[in-house]
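In: Got a sequence here, can you model it:
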Amino acid sequence: MIAPGVASPRVALERWMASCYHRVPLLDPGLRGIAAGAAGGIAVVDCASFVEPVGREALIVWPPRDGRDVPRRFWPELPNPVPGADLARLGYPISVQWYGRPQEISLRLWRGRVGKGAPVAGHFSSPKAPLNVELVPANACFLVPAEPLAAATLYAVEAERADGTRFDWSFTTQR
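Out: The predicted model follows:
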């Protein structure tokens, strides 16, 4: 992955995590190492060469459970995971990645607690219903809020598997 025009490798990582497609390989539980470099305002990372098969089932959610100071905005990436949308006007993406048996998962975002707060409108993409058919991660779904998330606010994610199993988690945005 390449991030031009960044002040530091940390900024590049923050931007990749604030996107959909660039986030997936960084959270792969089979990732055993990376090669990275930065010079002249460009950061580069190879996170595909040191990946081993995942020998167990795994479910990765992002932002993490009980996360604090979660960014509020999406960072534009190519290809555009929400064709036709101005990515600079969207909120920080929510994602679930699974390894092991295939799954179909739906996501809902709430401002406040699940079922008690206000639902947050967004763009949902999954392997069976991708928003951009040109790049479809086989093991990940995303919910990209239609607008930036509010500052210093509790959000909750409600996820449901096709078999009806539900799980949820929450996080708080940065000021």
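In: Can you tell me how far the residue of the chain positioned farthest from its centre is from Arg15?
Out: Centroid-distance maximum for the chain: Gly40 at 27.5 Å, with CA atoms, centre = their mean. Computed as CB to CB, to the nearest Å, the Gly40 to Arg15 distance reads 17 Å. All C-beta atoms are positioned from the backbone trio N, CA, C, and that covers glycine.
In: Helix or strand for the residue most central in space within the chain, just tell me which one.
Out: Closest residue to the average C-alpha location of the chain: Ser95 at 4.0 Å, with CA atoms, centre = their mean. For Ser95, the host element (DSSP states H and E) is strand 94-99.
In: Would you list the strands that the helix or strand just after that strand pairs with, along with their directions?
Out: Using DSSP H and E, the next helix or strand after strand 94-99 towards the C-terminus is strand 105-111. Strand 105-111 has the following strand partners under DSSP bridges: strand 118-120 (antiparallel), strand 154-161 (antiparallel).
In: Could you say which one of these comes nearest to Pro148?
Out: strand 118-120 (10.8 Å; CB to CB).
In: Just want the angle from the lengthiest helix in the chain to strand 94-99.
Out: Among the elements of type helix in the chain, defined by DSSP state H, the one spanning the most residues is helix 9-17. Put simply, helix 9-17 runs at 80 degrees to strand 94-99, going by axes from the mean of the first three to the mean of the last three CA atoms, to 10 degrees.
In: Which elements pack onto helix 9-17?
Out: Contacting helix 9-17 under the criterion 3 or more CB pairs under 8 Å, 6 or more residues apart in numbering; DSSP states H and E are the following elements: strand 2-4, helix 23-26, strand 35-39, strand 42-46.
In: buried ones in stretch 165-175?
Out: In terms of neighbour count (16 or more other CB atoms under 10 Å), stretch 165-175 has its buried residues at 168-173.
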